[in-house]
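> the following comprises the amino acid sequence and a computationally predicted model.
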Amino acid sequence: MGREAREKRILHNEKPLRIAMLSAHSCPVGRLGTRDTGGMSVYVLEMARELGRLGHRVDVYTRVHDPVDKLIYELGQNAHLIHLRAGENGEMHKLAVYPHLPDFVRRLEDYRRDNDLHYDLIYSHYWLSAWAGKRLQKWWRVPHMVMFHTLGAVKNAVGVGAKEPELRIKTEHSVINSCHRVIAATEKEKADLIRHYSAPAEKVSVVPCGVNLDIFRPIDKKEARSQLGLNGDKTVVFVGRIEPLKGIDRLMMAMTYLENGYRPRLLVIGGGENSRHEVERLRKLAEELRIEDTIDFLGLIKQPDLPLFYSAADVCVVPSYYESFGLVALESLACGTPVVTTMVGGAEDIIRHGETGYLVADNDPRSLADKITLALSRSDNNGHLASAMRTSLEPFGWPNIAEAIARECHALLVSGTEGTG
Ligand code: UDP
């Protein structure tokens, strides 16, 4: 169904919704690719805009991250971002946000009352906002829908990177009990919610994440390479936040198996000031592995510029230990570049193994290298492949995903708030 038809249906047959979206720790207009700003911020921004376009009213609440943040931003049609002053006005580690949540909730309620706003439901993102949403659902007596994006118990089971505190796991448990709907990005996440948190299956709906097919479009590979000043070398790209869970070190080890007369370039994109230590660790590793001449740490790249990098590359690699969904794989395919990925997040739903990319059981460097080699060997003649990739992604356009979320919201309003709280 086209966008116009969708808008008409929403506007004429279904009640436009008034949604309070909570994203306390991570700002949807923050710098993507920094330690705490990644896929979830993209999700919140795209979802708010798309629901707004469909005729719903969406207010996204986050805390002030930068003293120069305006109080209110217009995100798009019917969609606003409201910065609340809870805690210091600056970046803080996400765990440090927790003690400020009661203040965040009070300020949100004051803003709502002062502006005479009324919401039909709350849509919270990540366990911190879910804590805030739990309080607001009691005050407002409206349904509370939650998306966790990642789960503490699953991160701990993976066992890479810092251990998630008991506080997080306890909060996730209590929110799963008290909220009215949990959105999982994949069937795997739903299974994790049931296995690790005993979530009732009927409370969990699976709605995948999306990709902006207007931003992420293929650019002629030669043109992209010349714009980036890349020579004719085969090129592998990694895009994402720079943290141990992403498995970048495993990808770097994989690169050492790819000699065979030449070694492709590896472009590592992402990582701000607060990822400095991890970038330093990876640079040292590059020296130890003697690949420092063929690896470039490019730092943060703004999303509108990323299609140039995805298109210039022969393959994009997602070597993660854990992803709740993994937007990068979708973005690369949308630019016509195959993906080699571990079987994390939505990979198995997104990648057609052997056609649009390759799945590897885990991020064992040798297995990654085998599949990177295969992808590189097929990358010279990829015109047909690029269009097959985009076609395979049509269901993941944000308008479709937002419509599925709007349906979940309408269903929640029908079933009401009984039985929880
Ligand atoms: N990203 C970006 N610039 C960068 C690095 C990452 O815009 O320098 C974006 C990327 O386009 C993607 C998001 O950050 O949309 C990362 O999302 P993903 O779901 O892959 O990982 P997460 O952050 O959720 O772990």
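On my side now, so go ahead. Numbering: from 1, shown residues only.
> now stretch 311-330, how far from the centre of its chain.
11 Å (C-alpha atoms, centre = their mean, to the nearest Å).
> wait, I meant stretch 173-192
17 Å.
> contacts for it?
Here stretch 173-192 makes contact (C-beta atoms under 8 Å, 6 or more residues apart in numbering) with 124, 127, 130-131, 133-134, 137, 143-149, 151, 153-154, 193, 197, 199, 201, 203-209, 324-325, 345-346, 349, 405, 408, 412, 415, 417, 420-421. (Glycine included, C-beta is placed from N, CA and C.)
> any idea which helix or strand carries Gly161?
Using DSSP states H and E, Gly161 maps to neither a helix nor a strand.
> what about it, how many residues nearby?
15 (other C-beta atoms under 10 Å).
> if I look at it, how far off is Leu230?
Separation of Gly161 from Leu230 (C-beta to C-beta, to the nearest Å): 31 Å.
> likewise Pro304?
Taken as C-beta to C-beta, the span from Pro304 to Leu230 is 19 Å.
> cool, and Glu74?
In terms of C-beta to C-beta, Glu74 sits 38 Å off from Leu230.
> so between those two, which is more surrounded?
Legend: neighbour count by other C-beta under 10 Å for Glu74 and Leu230, higher for Leu230 (17 against 11).
> helix/strand/coil for the more buried one?
coil (DSSP: H, G, I helix; E, B strand; the rest coil).
> which residues touch it?
Taking C-beta under 8 Å, 6+ apart, we find Leu230 in contact with Arg265, Ala312.
> try it again with 10 Å
Lys221, Ala224, Arg265, Leu267, Asp296, Phe309, Ala312, Ala313 (C-beta atoms under 10 Å, 6 or more residues apart in numbering).
> please produce a PyMOL select command covering the buried subset of those.
Only the buried entries of these go into this PyMOL selection, using 16 or more other C-beta atoms under 10 Å:
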select buried, resi 221+224+265+267+309+312+313
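> run a quick neighbour tally on the closest residue to the ligand within the chain.
The ligand sits closest to Gly38 of the chain, with a gap of 1.9 Å, by C-beta to the nearest ligand atom. Neighbours of Gly38 under the rule other C-beta under 10 Å: 22.
> which bits of the chain sit near the ligand?
Counting by C-beta under 6 Å from any ligand atom, the positions of the chain adjacent to the ligand are 32-33, 38-40, 42, 239-241, 269-270, 300-301, 303, 306, 325-328, 331.
> run the last query once more with 8 Å
32-33, 37-42, 149-150, 209, 239-241, 245-246, 269-271, 298-303, 306, 318, 320, 323-329, 331, 345 (C-beta under 8 Å from any ligand atom).
> now the strands for the stretch 151-300 of the chain?
In the stretch 151-300 of the chain, the strands defined using DSSP state E, counting those that start in this stretch lie at 181-184, 204-206, 235-239, 265-269, 295-299.
> ok, Asn231 touching Tyr262?
No - Asn231 lies out of contact with Tyr262 (C-beta atoms under 10 Å); the separation is 11.3 Å.
> nearest to Leu22, of the strands of the stretch 151-300 of the chain?
Among the strands of the stretch 151-300 of the chain, the nearest to Leu22 by C-beta to C-beta is strand 181-184 (13.4 Å).
> stretch 200-218: which residues count as buried?
Buried residues in stretch 200-218 (16+ other C-beta under 10 Å): Lys203, Val204, Ser205, Val207, Pro208, Cys209, Gly210, Val211, Asn212, Leu213, Phe216, Pro218.
> end to end, how far does it reach?
End-to-end distance for stretch 200-218, by C-alpha to C-alpha, to the nearest Å: 42 Å.
> just how off-centre is that stretch within its chain?
Worked out by C-alpha atoms, centre = their mean, stretch 200-218 lies 10 Å from the chain centre.
> and if you look at stretch 211-227?
With C-alpha atoms, centre = their mean, you get 20 Å for stretch 211-227.
> and what of stretch 352-365?
Centre to centre, stretch against its chain (C-alpha atoms, centre = their mean), the figure for stretch 352-365 is 20 Å.
> next: stretch 281-294.
With C-alpha atoms, centre = their mean, you get 28 Å for stretch 281-294.
> same deal with stretch 186-205?
The answer for stretch 186-205 is 19 Å, by C-alpha atoms, centre = their mean.
> going forward, count from 7.
From this message on, residue numbering opens at 7, which makes the last subject stretch 192-211.
> buried set for that stretch?
Under the neighbour-count rule (16+ other C-beta under 10 Å), stretch 192-211 has 192, 194-196, 198-200, 202-203, 205, 209-211 buried.
> got it, and stretch 269-282?
Arg269, Pro270, Arg271, Leu272, Leu273, Val274, Ile275, Gly276, Gly277, Gly278, Ser281.
> counting neighbours, what do you get for Gly332?
Around Gly332 there are 24 residues (other C-beta under 10 Å).
> which non-adjacent residue is nearest it?
Of all residues not flanking Gly332 in the chain, Gly351 sits nearest, at 3.8 Å (C-beta to C-beta, 6 or more residues apart in numbering).
> wait, that neighbour sits on Val345?
No - applying C-beta under 10 Å, one finds Gly351 not in contact with Val345, separated by 11.8 Å.
> quickly list what's touching both of those two.
Val324, Gly332, Val334, Ala335.
> which pair of the buried residues of stretch 192-211 spans the longest distance?
That would be His202 and Ser211, which, of these, are the farthest apart (C-beta to C-beta) at 17.9 Å.
> so, low pLDDT: which residues of the stretch 207-356 of the chain?
By pLDDT under 70, the weakly predicted segments of the stretch 207-356 of the chain are 266-267.
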